[in-house]
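1. build me a model from this:
(2 chains)
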Amino acid sequence: MTSSELEKRRAEVEKQGYSILNLGPTHPATHGIFQNILTMDGDIIMDAVPTVGYIHRAFEKIAERRNYYQITTLTDRLNYCSAPINNIGWQMTVEKLLGIEIPKRAQYMRVIIMELARIADHLVCNSVIGVDTGALSGFLYVFQQREKIYEIYEDICGARLTTNMGRVGGFNTEFPASAWQKIHTFVETFPQIFDEFDSLLSRNRIFMDRTIGAGPISAEKALNYGFTGPNLRAAGVDYDVRVATPYSSYEDFEFEIPVGQNGDTYDRFMVRQEEIRQSFSIIKQAIAKLPDGPVHADVPEVFLPPKEEVYHNMEALIYQFKIIMGESNIPAGEVYHSVEGGNGELGFYLISDGGRAPFRLSFRRPCFIYYQAYTEMIKGAMLSDAVLTLSSLNVIAGELDA
Amino acid sequence: MENVTERIGKALQNKFSDAIIKQELIVDFPTFTVKKEEILNVLTFLYDYEDYKFQFMTSLCGVHFPDNAKEEEFCVVYQLHDMVQNQRIRIKVYTSESDIKVPSVTSLFKTANWLERETYDFYGIQFTGHPNLTKILNMEDQPYFPMRKQYQVEDETREDKNDAMFGR
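-> Numbers count the residues shown, from 1 in each chain, chains lettered A, B, ... in the order given. Predicted structure coming up:
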């Protein structure tokens, strides 16, 4: 809204006897840069005008100039709470374009990492719902567990938040022994700690009174607004990309899709809680069934050769040079691939004209799509419920604005 | 998949005859190119089509093909999903720069609201019938549509970034 428009709106609203309140852009309770210009009747929200785009970084434009392997770093910054899912989703899109089949072991390793990322993502969201209702202790408690997951990332790829993990074709190396050790420790210790966190909130009278009925949305509306992921499942639709269109061997694992009923804050919280349990079970199954074998596909055109070979082998040197300079042969084509991200269906629509960079890359960003419904969800609610609804939708600014 | 493309294609041909310009199967996506005037009708038909109910809009985005013929320079891509039978399809409409108007589908899918605004913001495609077609991610007074291919990644209007040695 431009300032003249805002003035006009203010005059209009005051004539009706309402007042205007700016929620954001940098309000501590919004956990990101969101602005909502609320029209308030006392403590009741009559209308809201959301403004987005504060951290728009033109990723889709930048992607049209970058080589395929350099776009992984852009995807990190979409939903930065679960960066590995974005990385692997993008790599799988390129693999689909190139027609590469990934070895089973690499697929299982991807599943382990993606489910760890999902746990980290959901832990942040759920504990923050606690914070917004006034319960800080659970938040600090599970952030330790998130830290453990970040340490696993760190051992695998050296980075914590923006991971840039894996390569097109698989992983660059086998996970180091220390990473496996940390994964095993996590598997052993996490359930007790998570149960304690669960007992702090799930059946807590104050928490339930506060969240049940806050920011509800019906299944029909949620579908029409393009909801996906936990927010759609909380409204009662059992759509999960991992089950509907299995990728990376998800069909090998047994897990449930939790669904809610009313699509309110409590249901969203409970769906995420149960999903953490299911993700944990998938990790355990993947570790138990982990096959031996290579961790990347044999695709020298796109997968960097080992360093020692580059120094002593002519072919490896050529491939290394071609890949780094972005001269690999990428076929022309058009693919869409989607993965179940932390917030829903994260899709990559890629058009290649055979050049070194994508001709067009469009990210289907679940946050951007379902944040549209926010205005409707908070109309008639109290201001404090608006904050709660925002955090339970898990709107991540990076994914919203791309 | 071939069968699905054929089947939906036949149903669309029966209903809209020459408004369906092209049908093809791209990897795993039945894809249809439709005359832009008919897009809302086609999507409404598919919404309640007897075999598949395409009632979920997955994505909507614009594409700029500067090398195409004048009347096919801009493209809007709609991806729909029938969640019950897990069938996806893609619908494309092409438009020229001189008459850059495409009917809005917000009356059918609320998802399309911001996606159309985003497409307008980046490509300048005018969606007729949209309730609030304004820029969404860029500044309101930005005078150009940045995702069009003639614009470089760097902002050419800036003078403070004249770094010959380390310029990007």
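2. strands of the chain, start to end?
-> With no chain named, the answer covers chain A. A:19-23, A:35-41, A:44-51, A:333-340, A:345-352, A:360-364 (DSSP state E).
3. my question was about chain B
-> Using DSSP E, strands in chain B cover B:20-26, B:29-34, B:56-64, B:74-82, B:87-95, B:101-103, B:126-128.
4. now mean neighbour count too, for those strands, in JSON lines please.
-> The way it works is simple: take the backbone N, C-alpha and C, and place the C-beta from them, glycine included. Below are these laid out as JSON lines (neighbours: other Cβ atoms under 10 Å in any protein chain shown):
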{"stretch": "strand B:20-26", "mean neighbour count": "14"}
{"stretch": "strand B:29-34", "mean neighbour count": "20"}
{"stretch": "strand B:56-64", "mean neighbour count": "24"}
{"stretch": "strand B:74-82", "mean neighbour count": "22"}
{"stretch": "strand B:87-95", "mean neighbour count": "20"}
{"stretch": "strand B:101-103", "mean neighbour count": "19"}
{"stretch": "strand B:126-128", "mean neighbour count": "17"}
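5. which one of these lies nearest to chain A?
-> For those, proximity to chain A was assessed by Cβ to the nearest Cβ; strand B:56-64 is nearest, at 4.0 Å.
6. hang on, the earlier thing: could you dump the strands of chain A to a markdown table with mean pLDDT, mean neighbour count and distance to residue B:10?
-> Formatted as a markdown table, the strands of chain A follow (pLDDT from 0 to 100; neighbours: other Cβ atoms under 10 Å in any protein chain shown; distance: least, Cβ to Cβ, whole Å):
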| stretch | mean pLDDT | mean neighbour count | distance to residue B:10 |
| --- | --- | --- | --- |
| strand A:19-23 | 87 | 15 | 51 |
| strand A:35-41 | 88 | 19 | 47 |
| strand A:44-51 | 90 | 17 | 43 |
| strand A:333-340 | 94 | 22 | 23 |
| strand A:345-352 | 94 | 24 | 26 |
| strand A:360-364 | 94 | 24 | 29 |
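7. re earlier: and the strands of chain B as CSV, adding distance to chain A?
-> Formatted as CSV, these follow (distance: least, Cβ to the nearest Cβ, whole Å):
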stretch, distance to chain A
strand B:20-26, 5
strand B:29-34, 6
strand B:56-64, 4
strand B:74-82, 6
strand B:87-95, 7
strand B:101-103, 16
strand B:126-128, 15
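8. what packs against the lengthiest helix in chain A?
-> Ranked by residue count and defined by DSSP state H, the top helix of chain A is helix A:104-133. Helix A:104-133 sits against helix A:83-98, helix A:137-157, helix A:177-201, helix A:205-211, helix A:265-289, helix A:383-393, with contacts defined as 3 or more Cβ pairs under 8 Å, 6 or more residues apart in numbering or on different chains; DSSP states H and E.
9. hang on, the earlier thing: looking at the strands of chain A, which is closest to chain B?
-> The closest of the strands of chain A to chain B is strand A:360-364. By Cβ to the nearest Cβ, the value is 4.0 Å.
10. sheet partners, orientation included, of that closest one?
-> strand A:345-352 (antiparallel) (DSSP bridges).
11. just the residues contacting the strand it pairs with, thanks.
-> Here strand A:345-352 makes contact (Cβ atoms under 8 Å, 6 or more residues apart in numbering or on different chains) with A:78-79, A:85-86, A:89-90, A:93-94, A:97, A:228-229, A:241, A:330-340, A:358-366, B:58-59, B:61, B:63, B:77, B:79.
12. got the CA positions of that strand in PDB?
-> Output of strand A:345-352 as PDB, limited to C-alpha atoms (Å, rounded to 0.1, in the frame of the first residue of the first chain):
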ATOM      1  CA  GLU A 345       4.000 -29.500  -1.800                       C
ATOM      2  CA  LEU A 346       7.200 -27.900  -2.800                       C
ATOM      3  CA  GLY A 347       7.300 -28.000  -6.600                       C
ATOM      4  CA  PHE A 348       9.900 -27.100  -9.200                       C
ATOM      5  CA  TYR A 349       8.600 -26.400 -12.700                       C
ATOM      6  CA  LEU A 350      11.600 -26.300 -15.000                       C
ATOM      7  CA  ILE A 351      11.800 -25.500 -18.700                       C
ATOM      8  CA  SER A 352      15.200 -26.200 -20.200                       C
END
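13. quick check: angle from it to strand B:29-34?
-> Using axes from the mean of the first three to the mean of the last three Cα atoms, to 10 degrees, the direction of strand A:345-352 lies 70 degrees away from that of strand B:29-34.
14. nearest residue to residue A:123 other than its sequence neighbours?
-> residue A:142 (4.7 Å; Cβ to Cβ, 6 or more residues apart in numbering or on different chains).
15. in contact with residue 116, which residues?
-> Let's take chain A. A:84, A:149, A:152, A:153, A:183, A:186, A:279, A:283.
16. not quite, go with chain B.
-> Listed by Cβ under 8 Å, 6+ apart, the contact set of residue B:116 reads B:60, B:104, B:105, B:106, B:127, B:130, B:133.
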